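*Asks:* Here is my input, please return the structure:
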Amino acid sequence: MRKFGLIGYPLGHSFSKKYFTEKFSTEQIPDCSYENYPLTNISQLTDLIKDPSLEGLNVTIPYKSAVIKFLSKTETEAEAIGAVNVIKIRRENNETKLYGFNSDITGIRDTLMPVINPGIKNALVLGTGGSSKAVCFVLKSLSVPYTLISREKKSFCLTYSELTPDLIRNSRLIINTTPLGMFPDINRKPDLRYELLGRKHILFDLVYNPEITAFLKMGQERGCTVLTGLGMLYSQAERSWEIWNSDNF
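*Replies:* Sure, this is the predicted structure:
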């Protein structure tokens with residue numbers, strides 16, 4: 001049995017196990033299983049990978065950056081943003097090696113490409129964690145300027161209280177990379193002045209459970225285009241499967 005799974009903590013919000021279990025069934029992929037591994041400490045990864053059947057892992061909050069120190073090698077893009085969400089496990093000559101990748105980049109790019117247009121002069125990126133770094137990497141590759149927003153004062157970003165009405169109105173793309181609104185706290189949302197949003201705004205939430213978050217719901221009420229995290233989830237999951245099964249990685 002080939003084993004795959006997800007590490008993070010907590011994992012009650014995750015759809016990954018459901019996605020891969022259904023994939024194995026509908027595509028008739030034999031002898032594969034996908035499990036959740038809620039690690040309370042990233043150091044528990046060392047014992048987890050002792051299972052010789054385990055071939056690959058996805059990584060979610062809060063370990064996308066912390067996991068890098070356990071890896072034998074990290075792909076260039078993942079190293080550049082300092083976040084990994086896919087691990088390929090190779091076992092050769094009685095040695096176990098972990099290789100890190102970032103499929104969030106693929107999922108984010110696939111989600112944004114259809115909506116990027118010349119009218120987007122600036123994007124607001126809410127949050128500064130591992131997912132935020134992936135978003136910023138993609139925005140740079142698409143030549144979209146962006147402003148980082150955080151609850152805490154930092155030298156490289158603005159706080160929510162520093163967001164001016166003009167900046168909100170003129171930032172046609174707003175991306176939530178924080179866990180605000182994630183199950184079970186589905187009523188939480190970023191502290192924005194939503195009354196300033198309009199039909200020309202595009203809201204993208206990386207949270208996918210629930211599919212329509214409180215953040216996206218506020219955008220819908222004001223006529224914004226909304227992008228859910230489910231499309232990104234599917235895209236990055238398929239990229240994970242490609243990495244685990246291809247000799248090119």
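*Asks:* and stretch 225-240, how far from the chain's centre?
*Replies:* Computed by CA atoms, centre = their mean, to the nearest Å, the chain-centroid distance of stretch 225-240 equals 9 Å.
*Asks:* where do the helices sit along this structure?
*Replies:* Along the chain, counting by DSSP state H, helices occupy 16-26, 45-48, 76-81, 104-112, 130-141, 165-170, 214-221, 229-245.
*Asks:* and the last one, what other elements does it pack with?
*Replies:* In this structure, helix 229-245 packs against helix 16-26, strand 54-59, strand 86-92, helix 104-112, with contacts taken as 3 or more CB pairs under 8 Å, 6 or more residues apart in numbering; DSSP states H and E. No exception for glycine: its C-beta is placed from N, CA and C like everyone else's.
*Asks:* in the third one, what's buried?
*Replies:* Neighbour-count burial for strand 86-92, with 16 or more other CB atoms under 10 Å as criterion, is recorded at Val86, Ile87, Lys88, Ile89.
*Asks:* circling back to that earlier point, now the helices of the chain in TSV, with mean neighbour count, mean pLDDT and distance to Arg199?
*Replies:* Output for these, formatted as TSV (neighbours: other CB atoms under 10 Å; pLDDT from 0 to 100; distance: least, CB to CB, whole Å):
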stretch	mean neighbour count	mean pLDDT	distance to Arg199
helix 16-26	15	96	32
helix 45-48	13	98	46
helix 76-81	17	92	32
helix 104-112	24	95	18
helix 130-141	23	92	22
helix 165-170	13	97	12
helix 214-221	18	98	10
helix 229-245	20	95	21
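*Asks:* Fine, thanks again, bye for now.
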